[in-house]
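K.L.:
give me a model of this one.
(one chain, ligands or ions: 3)
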Amino acid sequence: MTLIDLKPELSKQIHSKHDWSLPEIKSLLEKSLMDLLWEAQIVHRKANPGYKVQLSSLLSVKTGGCQEDCAYCPQSIHSSSDVSAKPDHLEVDQVLSQAKAAKDSGADRFCMGWAWREIRDGHHFDSMLKMVRGVRELGLEACVTAGMLTDAQAFRLAEAGLTAYNHNLDTSPENYDQIISTRTFQERIETLERVRSAGIAVCCGGIIGMGESIKDRASLLQVLANMNPHPESVPINALVAVEGTPLENLSAVDPMEMVRMVATARILMPFSRVRLSAGREQLGEEAQILCFLAGADSIFYGDSLLTTANPAISADRALLAKAGVKVNWDLYER
Ligand code: SAM
Ligand code: DTB
Ligand code: SF4
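P.N.:
Ligands and ions are numbered 1, 2, ... in the order given. Got it, this is the predicted structure:
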């Protein structure tokens, strides 16, 4: 069931579709920035009345030592980044105390990451289930990102109360083998189907700034926008070029490219949460505010992402207050 089924009155105002063509999407990405922002605002205001930004905190439960060779990722054993071979796992109580701290600072969702190619059954998966239950008991939404999974694992995660599973497509199907060679785009799609069949919300997006063309960005968005239903949340990441990864020397993406990507995602997927994700440290306040205007309605909130830095909580509170953006708690009471 999609949001449009739940709120049928909205379908009369907003055209939500699943058959976007590549030229349609490319022409949105290349539109005059003013016209693109205007169109994105119209869609956003109609689809998301009472606009509030969701605050999602991230924690790396298992850092580094991952067998996959994703070119952007410092946690891959194929990279020489500091974190690439740290097989530490946080324990359940450590994770839940971080979740409690995230809740106390105002987070809505707690997202936990494991640097795995795929989930294996056993002690670590049992701990993951306990973490999901504990996070839900705190009254937070729970999200997990841990690589590929089986039908049975997806079902057990759903049973534990998992709200969403994050599994990004990262780049276009055409560009995929330039970035990752240890798995296929199709394997990613199959995991997403398992997550959806288990009744867990799908969190799926990608990264820009990895040397891809505008056509690649359009093609990635086409796959996302033509899913039916659309992913419940769509993280848009800007590459954080980490030393030791094959992409370490790439220069930061132009902030307006993030604005364009967010605006286009909003137009294509009116009711999804579009999350302004990694790379906010490089964006500056003005570009982030333009991303909110373009329809971003979620951010990662907390001083760190998985292994890299994120803006400080105090800076984010100041930014949200400056933009007059509403969150689920009263900014001025905390
Ligand atoms: N191993 C699991 C997986 O790949 O799904 C979960 C963790 S993985 C770190 C989650 C996502 O983080 C990746 O799919 C990618 O989109 C994002 N990511 C990782 N490193 C990044 C970087 N340097 N810059 C931007 N996004 C990054
Ligand atoms: C997503 O799309 N971005 C987050 C989350 N989902 C798991 C991860 C960003 C990671 C950035 C690099 C790092 O901190 O290691
Ligand atoms: Fe492993 Fe995920 Fe990093 Fe790829 S993105 S190397 S799968 S942790």
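K.L.:
close to ligand 3: what parts of the stretch 101-250 of the chain are there?
P.N.:
Those residues of the stretch 101-250 of the chain that sit near ligand 3, judged by C-beta under 6 Å from any ligand atom, are 115, 117, 147. For glycine as for every other residue, the C-beta is placed from the backbone atoms N, C-alpha and C.
K.L.:
how about TSV for those residues, with secondary structure added?
P.N.:
Putting those into TSV (DSSP: H, G, I helix; E, B strand; the rest coil) gives the following:
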residue	secondary structure
115	coil
117	coil
147	coil
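K.L.:
pull out the buried members of those residues.
P.N.:
Those of these that meet the buried threshold are 115, 147, by 16 or more other C-beta atoms under 10 Å.
K.L.:
what about residue 186, neighbour count?
P.N.:
Residues contacting residue 186 under the criterion other C-beta atoms under 10 Å number 9.
K.L.:
looking at it now. What's its pLDDT?
P.N.:
With respect to pLDDT, residue 186 scores 98.
K.L.:
next one: it from residue 173, what distance?
P.N.:
Applying C-beta to C-beta, to the nearest Å, one obtains 8 Å for the distance of residue 186 from residue 173.
K.L.:
what's the answer for residue 138, then?
P.N.:
Between residue 138 and residue 173 the distance is 38 Å, computed by C-beta to C-beta.
K.L.:
could you do residue 16 as well?
P.N.:
For residue 16, the distance to residue 173 under the criterion C-beta to C-beta works out to 23 Å.
K.L.:
swap in residue 127?
P.N.:
Residue 127 sits at a distance of 34 Å from residue 173 (criterion: C-beta to C-beta).
K.L.:
same check, this time on residue 217
P.N.:
Taken as C-beta to C-beta, the spacing of residue 217 relative to residue 173 amounts to 13 Å.
K.L.:
so the two - more neighbours on which side?
P.N.:
The neighbour comparison of residue 217 against residue 173 (other C-beta under 10 Å) goes to residue 217, with 24 against 17.
K.L.:
packing partners of the helix or strand where that one lies?
P.N.:
Secondary-structure assignment from DSSP states H and E places residue 217 in helix 214-225. Here helix 214-225 is seen to pack against helix 22-29, strand 206-208, helix 255-268 when contacts are counted using 3 or more C-beta pairs under 8 Å, 6 or more residues apart in numbering; DSSP states H and E.
K.L.:
how far off helix 255-268 does it point, in degrees?
P.N.:
Here helix 214-225 points in a direction 30 degrees away from that of helix 255-268 (axes from the mean of the first three to the mean of the last three C-alpha atoms, to 10 degrees).
K.L.:
CA atoms only: put helix 214-225 into CSV for me.
P.N.:
This file holds the C-alpha atoms of helix 214-225, laid out as CSV (Å, rounded to 0.1, in the frame of the first residue of the first chain):
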residue,chain,number,x,y,z
ILE,A,214,24.0,13.5,-15.6
LYS,A,215,22.5,10.5,-17.6
ASP,A,216,23.8,8.2,-14.9
ARG,A,217,22.1,10.3,-12.2
ALA,A,218,18.9,10.3,-14.2
SER,A,219,19.1,6.5,-14.7
LEU,A,220,19.6,5.9,-11.0
LEU,A,221,16.6,8.1,-10.2
GLN,A,222,14.6,6.3,-12.9
VAL,A,223,15.1,2.9,-11.2
LEU,A,224,14.1,4.4,-7.9
ALA,A,225,11.1,6.3,-9.2
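K.L.:
could you pick out the residues of the stretch 51-200 of the chain near ligand 2 for me?
P.N.:
Within the stretch 51-200 of the chain, the positions near ligand 2 by C-beta under 6 Å from any ligand atom are 58, 74, 113, 145, 166, 168.
K.L.:
do that again at 8 Å, thanks
P.N.:
58, 60, 72-75, 83, 111, 113, 145, 166, 168 (C-beta under 8 Å from any ligand atom).
K.L.:
near ligand 1, which of these show up?
P.N.:
Restricting these to those near ligand 1 - C-beta under 8 Å from any ligand atom - leaves 72-75, 113, 145, 166, 168.
K.L.:
if any of the residues you listed are buried, give me the ChimeraX selection for them.
P.N.:
Entered in ChimeraX, the line below selects the buried ones among these, by 16+ other C-beta under 10 Å:
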select :72,73,74,75,113,145,166,168
